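Undergrad: all I have is the shape, not the residue letters:
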C-alpha cells in the first residue's frame, strides 16, 4: 500500500494505492490467526449450490489489517482517491470470472437466505461481506413447508443484485452468491470501507474512481504505508487442492507467467511451459499429458499411467509431504489422499447429464502400510441430472480406492 502525494499532518493530499501481488487469500480463511479454513463444499467452487457456504473467518481480515497499518502510519484522511493496481498481469477471463492479482473474498458476494416464519413472508437475507458497494434487492418469499426451493440471483454492471424466488418455511439456510462484475472496483470499495472502520476518512466516492494510477515501477519505499505478507506457496496450493479453487490455480499459472517475463497468461511465455517442463523432469511421457490452463479445463487431458508416473516421481521430491498433505483427505485419517477431476455437461433434454471424465488421482496407504500412487478415470458416465451425477459419480470412484486400501 503506497501513499502517493504530500502530507499535511494526518491528511494525505493524494491517493492511496493498493498493489495486487497474486495472493488470492489476502489474509482471509483464518490465515492471519494461524488457521486455514475451507468448507466442503466451499463457496469458491460451488457458489451456485445452496449447501456451499463461506468459511467462518472474516473475509476482510487482510484489508482490515492493512487499513490499521495506514492509521498507524499517521494517515487520518485521504483527500483524493483510493486506487487498486491490478497490473501485475493482464485481465484473464475464466468461466468463474476474472483472475486478478488482488482478490477479496474470492471476488464473490455471498448471500445467505433464511425463510420467514410463515408462508407469504419475505425471506431474511444476509450478505458476506457487509458492504454498501452492491445494491441488493431481496424478492424471495416464503412458501408452505414441504415445498421446493427455487431461487435465482442476477447481478448487472451497475452492481445491482436481485434475488428472486421461493423458500419453503422449513428450509435450511439457502446459500448463493455472485461474482463482482469488476473485481478491482469491488476490492477498492471494500478497502475504503475498511479504512473507515480504522478511523481513516476517504473523500472519494465508494462507486466512482477519479484518480489515475502512477506509472508502473515508480513506487518507492518511503511511500509504502502498509503491507500484507502472503502465506507460503504450499498454503496457497493446499487451498487450490482442498476446494478445487480454479481461479487460485489460474492465479498460480499467471504468477509463473510473470516470473517468465510476461503479463499475458495465454501467450508463449505463460505458465504452461513451466508445468510441462516439470512433467518432463519426472520422466513421464509428455505425449500423454496436455495442459490447457491452470485448472485443467477441457481439452486438458492425461492418462492413468501418466498420472501414476508423475505421482511416483513427485513422492520422491523434497516437497512430497507438502504435496500429499495438500490433497483432500478422503477418510480424514491421511490414508486416502486423492484429488478428483470432473468434466461435466449439464442435462440437455431429452438427454441426461453427461460426465465425459470422472477421475481420482493421488496416494493411498494400504492396510499393510504401503503407500501407492493411484489414478482412476471413469469416462462417459451419465445421470438424469447434473447434481445426481456429482453426488453419484465421485463416490463410485472413491469406493474403489477404499476397496484397494482395505485389501492391503
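TA: Alright, I've got the coordinates. Remember, predicted model here, so these are calculated numbers, not experimental data.
Undergrad: tally up the residues packed near residue 121, please.
TA: 14 (other C-beta atoms under 10 Å). Just so you know, the C-beta spots here come from the backbone N, C-alpha and C atoms, and that holds for glycine as well.
Undergrad: who's in contact with it?
TA: Listed by C-beta atoms under 8 Å, 6 or more residues apart in numbering, the contact partners of residue 121 are 115, 141-142.
Undergrad: contacting residues for the closest residue to residue 99 other than its chain neighbours?
TA: In this structure, residue 99 finds its nearest non-sequential neighbour in residue 92, 4.1 Å apart by C-beta to C-beta, 6 or more residues apart in numbering. By C-beta under 8 Å, 6+ apart, the contact set of residue 92 is 98-99, 250, 254, 265-266.
Undergrad: from the residues you listed, which land in helices?
TA: Members of the contacts of residue 92 lying in helices (criterion: DSSP state H): 250, 254.
Undergrad: tell me the one of the contacts of residue 92 nearest residue 159?
TA: residue 98 (14.7 Å; C-beta to C-beta).
Undergrad: thinking again about what came up before, pLDDT at the residue nearest to residue 99, what is it?
TA: Per-residue pLDDT puts residue 92 at 79.
Undergrad: ok, it to residue 61 distance?
TA: Distance of residue 92 to residue 61, computed by C-beta to C-beta, to the nearest Å: 25 Å.
Undergrad: ditto for residue 72
TA: Taking C-beta to C-beta, one finds residue 72 at 17 Å from residue 61.
Undergrad: so between those two, which is more surrounded?
TA: Counted by other C-beta under 10 Å, residue 72 and residue 61 do not tie: residue 61 has more neighbours, with 20 against 11.
Undergrad: got the contact list for the more buried one?
TA: Shown in contact with residue 61 (C-beta under 8 Å, 6+ apart): 27-28, 30, 32-33.
Undergrad: which residues in this protein form helices?
TA: 43-46, 61-72, 183-197, 233-243, 246-259, 272-281, 304-314, 320-325, 386-407.
Undergrad: quick one: closest of the ones you listed to residue 295.
TA: Nearest to residue 295 among those is helix 246-259 (3.9 Å), distances taken as C-beta to C-beta.
Undergrad: what's the closest one packed up against?
TA: helix 43-46, strand 92-94, strand 97-99, helix 233-243, helix 272-281 (3 or more C-beta pairs under 8 Å, 6 or more residues apart in numbering; DSSP states H and E).
Undergrad: identify each buried residue in it, please.
TA: Neighbour-count burial for helix 246-259 flags 246-258 (criterion: 16 or more other C-beta atoms under 10 Å).
Undergrad: equivalent analysis for stretch 73-91, please.
TA: 73, 75, 77-78, 80-86, 88-89.
Undergrad: between the two ends of that stretch, how far is it?
TA: 32 Å (C-alpha to C-alpha, to the nearest Å).
Undergrad: pull the distance from that stretch to the chain's centre.
TA: Relative to the centre of its chain, stretch 73-91 is centred 23 Å away, using C-alpha atoms, centre = their mean, to the nearest Å.
Undergrad: tell me the contacts of the closest residue in space to residue 235 that isn't next to it in sequence?
TA: Using C-beta to C-beta, 6+ apart and skipping residues adjacent in sequence, the residue nearest residue 235 is residue 36, 6.2 Å away. By C-beta under 8 Å, 6+ apart, the contact set of residue 36 is 29-30, 231, 235, 238-239.
Undergrad: what does the domain assignment say about this structure?
TA: 2-102+183-228, 107-179, 292-407 (automatic domain parsing).
Undergrad: among the ones you listed, which comes closest to residue 271?
TA: Per C-beta to C-beta, nearest to residue 271 of these: domain 292-407, 6.9 Å.
Undergrad: mean confidence score for that closest one?
TA: The model assigns domain 292-407 a mean pLDDT of 81.
Undergrad: starting at the chain centroid, how far to it?
TA: 20 Å.
Undergrad: about what we covered before: mind checking which of the helices of the chain is nearest residue 226?
TA: helix 61-72 (3.6 Å).
Undergrad: now that closest one and helix 183-197, what's the angle there?
TA: 50 degrees (axes from the mean of the first three to the mean of the last three C-alpha atoms, to 10 degrees).
Undergrad: circling back: ok, the contacts of residue 61 vs residue 295, which is closest?
TA: The shortest gap between residue 295 and any of these belongs to residue 28, at 20.0 Å (C-beta to C-beta).
Undergrad: surely the closest one touches residue 54?
TA: No - Residue 28 is beyond contact range of residue 54, at 9.3 Å (criterion: C-beta atoms under 8 Å).
Undergrad: return every residue with contacts to both of those two.
TA: Counting by C-beta under 8 Å, 6+ apart, the shared contacts of residue 28 and residue 54 are residue 105.
Undergrad: once you drop chain neighbours, what's closest to residue 69?
TA: Nearest residue to residue 69, sequence neighbours excluded (C-beta to C-beta, 6+ apart): residue 226, at 3.6 Å.
Undergrad: tally of neighbours for the one you found?
TA: Residues lying near residue 226 (other C-beta under 10 Å) number 19.
Undergrad: show me what contacts it?
TA: 1, 66-67, 69-70, 73.
Undergrad: likewise residue 259?
TA: By C-beta under 8 Å, 6+ apart, the neighbours of residue 259 are residue 274.
Undergrad: state the distance from it to residue 80.
TA: Counting by C-beta to C-beta, the gap from residue 259 to residue 80 is 33 Å.
Undergrad: then residue 233?
TA: Taking C-beta to C-beta, one finds residue 233 at 36 Å from residue 80.
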